[in-house]
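S.K.: Kindly generate the corresponding structure for this input.
(4 chains)
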2 protein chains.
Amino acid sequence: MVSSATILSAVASPRRQEILRLVWRQELTAGAIHRSMPDVTFGAVSLQLRSLLDAGLLEARSEKRNRLYRARPQALGALAGMLERMWDDKLWRLKLEAELEETRRGPRPNRRRRKNRKG
Amino acid sequence: MVSSATILSAVASPRRQEILRLVWRQELTAGAIHRSMPDVTFGAVSLQLRSLLDAGLLEARSEKRNRLYRARPQALGALAGMLERMWDDKLWRLKLEAELEETRRGPRPNRRRRKNRKG
DNA sequence: ATGTCATTTTAGTTTAATCTAAACTATCCA
DNA sequence: TGGATAGTTTAGATTAAACTAAAATGACAT
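M.R.: Got it, this is the predicted structure:
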């Protein structure tokens, strides 16, 4: 399970929002996404795709030689829920303290997971 | 009027979330807030308070020698709305394109406003 | 196996956010 | 006025995020 804080910072980046918009209703390859933002390298796009995947905001599947990305709007549900809890002041202190603690100033847990990439 | 993107990045910072939680239901002075997070300097706290003010997430009033901060939960309304629009896929491409463009890679507009501080 | 295409990962750089220390401003009170 | 308290702002340092270029990987075709 991925924390609201993770989702939040993933969504907060303009570049990642740009990507999210592109794959919001259509599946796209990393290449196609890159073609829409020629001001950065392919590698940079790939890295952002990775963070979005890690945050659960995207899903991907492999098709022949390509890898197709698409948004997972459901992932915003957790975030919307968090905001709603904040909004009406219920719980959010208690509810979120633990999960925020978990992500605070932890020296990025050296992610080297993802053994089975094949979607 | 402050953009959703601004609010989003303000809320995305763990340090600012920490502050937000502290002043969520009670008014606190910058000093009191600082006492709750002794791992940073007073100045750092003050700067974060500033960004939260700029994003409209806090309000402040002066009382005697002190300045009292408190959260403005309403400010999350815009954000919740944005997420909701994303969620059900209506408009968010069109609706948000302009406002994101506006905040993207703009070299931070040299804020030097705020003449009348007295709350 | 070799080659090619699509993508990912790494190592190192650039850019932006956050922090510190110290100077500064403001308010109150003697 | 001067001193104490509370907070802000600045310049420069540190840390973290985003990027680039190049090497590495994976899947497919020959």
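
S.K.: who in chain A is up against DNA strand C?
M.R.: Residues of chain A found near DNA strand C (Cβ under 7 Å from any atom of the strand) are A:29-32, A:42-43, A:46-47, A:49-50, A:60, A:65-68, A:112, A:114, A:117. No exception for glycine: its C-beta is placed from N, CA and C like everyone else's.

S.K.: Run through those and flag the ones next to DNA strand D.
M.R.: Contacts with DNA strand D within the residues of chain A next to DNA strand C, counted by Cβ under 7 Å from any atom of the strand: A:Phe42, A:Gly43, A:Leu47, A:Arg65, A:Arg117.

S.K.: ok, the first one - how many residues close by?
M.R.: Other residues within reach of A:Phe42 by the criterion other Cβ atoms under 10 Å in any protein chain shown amount to 12.

S.K.: spatially speaking, which residue is in the middle of chain A?
M.R.: Nearest residue to the geometric centre of chain A (Cα atoms, centre = their mean): A:Leu52, 2.5 Å.

S.K.: so who does it touch?
M.R.: Each residue near A:Leu52 by Cβ atoms under 8 Å, 6 or more residues apart in numbering or on different chains is listed here: A:Ala10, A:Arg16, A:Ile19, A:Leu20, A:Leu58.

S.K.: so how far is whichever strand or helix holds the first one off the chain centroid?
M.R.: So the one you mean is A:Ala10. Assigned by DSSP states H and E, A:Ala10 belongs to helix A:4-12. Distance of helix A:4-12 from its chain centroid, counting by Cα atoms, centre = their mean, to the nearest Å, is 7 Å.

S.K.: Any idea which helix or strand in chain A has the lowest mean pLDDT?
M.R.: Each helix and strand of chain A was given a mean pLDDT (mean pLDDT, DSSP states H and E); the minimum falls on helix A:92-103 at a mean of 45.

S.K.: Run through chain A and note the low-pLDDT ranges.
M.R.: Applying pLDDT under 70 to chain A flags residues A:87-119.

S.K.: quick one: the helices in it?
M.R.: Remark: helices assigned in chain A by DSSP state H are A:4-12, A:14-22, A:30-35, A:42-54, A:75-87, A:92-103.

S.K.: now those in TSV, with distance to B:Pro73?
M.R.: Formatted as TSV, the helices of chain A follow (distance: least, Cβ to Cβ, whole Å):
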stretch	distance to B:Pro73
helix A:4-12	16
helix A:14-22	24
helix A:30-35	36
helix A:42-54	28
helix A:75-87	6
helix A:92-103	10
